[in-house]
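> below are the sequence and a predicted model; questions follow.
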Amino acid sequence: MDLVVKDSNGNILSDGDSVIVNKDLKVKGSSLNLKRGTVIKNIRLTDEEGEAECRIGKSTIVLKTQFLKKK
């Protein structure tokens, strides 16, 4: 069974998509703050339904898809 991952608007996400952050986010364990409207390219989906791996600079973080919008 394939895992279907959706963004905050209900659009289906897949590996390699570009997304936009729709809320200011503080990243735990880091001094990194993601501002609303930040574009993240080339996401990777994880085994969890509501999570996506994203590369921000040199670091890789996992974001919940409820805070992402497909570009």
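Noted; the coordinates are in hand.

> now the strands for the protein?
Along the chain, the stretches classed as strands by DSSP state E are 5-6, 12-13, 19-21, 25-26, 33-34, 39-40, 44-45, 51-56, 59-64, 68-70.

> any idea how far the second one is from the chain center?
In this view, strand 12-13 has its centroid 11 Å away from the chain centroid, taken as Cα atoms, centre = their mean, to the nearest Å.

> so which elements touch that strand?
strand 5-6 (3 or more Cβ pairs under 8 Å, 6 or more residues apart in numbering; DSSP states H and E). Heads up, the C-betas are built off the backbone N, CA and C, glycines and all.

> and the strand it packs on, which strands flank it?
Looking at strand 5-6 with DSSP bridges, its partner strands are strand 12-13 (antiparallel).

> and for the partner strand, what's in contact with it?
V4, V5, K6, D7, V19, I43, L45, A52, T65, L68, K70 (Cβ atoms under 8 Å, 6 or more residues apart in numbering).

> ok, back up a step: save the strands of the chain as JSON lines, and put in mean neighbour count too.
Below are the strands of the chain laid out as JSON lines (neighbours: other Cβ atoms under 10 Å):
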{"stretch": "strand 5-6", "mean neighbour count": "18"}
{"stretch": "strand 12-13", "mean neighbour count": "14"}
{"stretch": "strand 19-21", "mean neighbour count": "20"}
{"stretch": "strand 25-26", "mean neighbour count": "13"}
{"stretch": "strand 33-34", "mean neighbour count": "14"}
{"stretch": "strand 39-40", "mean neighbour count": "14"}
{"stretch": "strand 44-45", "mean neighbour count": "16"}
{"stretch": "strand 51-56", "mean neighbour count": "17"}
{"stretch": "strand 59-64", "mean neighbour count": "14"}
{"stretch": "strand 68-70", "mean neighbour count": "20"}
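
> reformat the contacts of strand 12-13 into JSON lines and put pLDDT and distance to S59 next to each item.
Below are these laid out as JSON lines (pLDDT from 0 to 100; distance: Cβ to Cβ, whole Å):
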{"residue": "V4", "pLDDT": "88", "distance to S59": "27"}
{"residue": "V5", "pLDDT": "91", "distance to S59": "21"}
{"residue": "K6", "pLDDT": "93", "distance to S59": "25"}
{"residue": "D7", "pLDDT": "94", "distance to S59": "22"}
{"residue": "V19", "pLDDT": "96", "distance to S59": "17"}
{"residue": "I43", "pLDDT": "95", "distance to S59": "14"}
{"residue": "L45", "pLDDT": "93", "distance to S59": "18"}
{"residue": "A52", "pLDDT": "94", "distance to S59": "15"}
{"residue": "T65", "pLDDT": "94", "distance to S59": "19"}
{"residue": "L68", "pLDDT": "95", "distance to S59": "17"}
{"residue": "K70", "pLDDT": "95", "distance to S59": "22"}
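
> brilliant, that's me finished.
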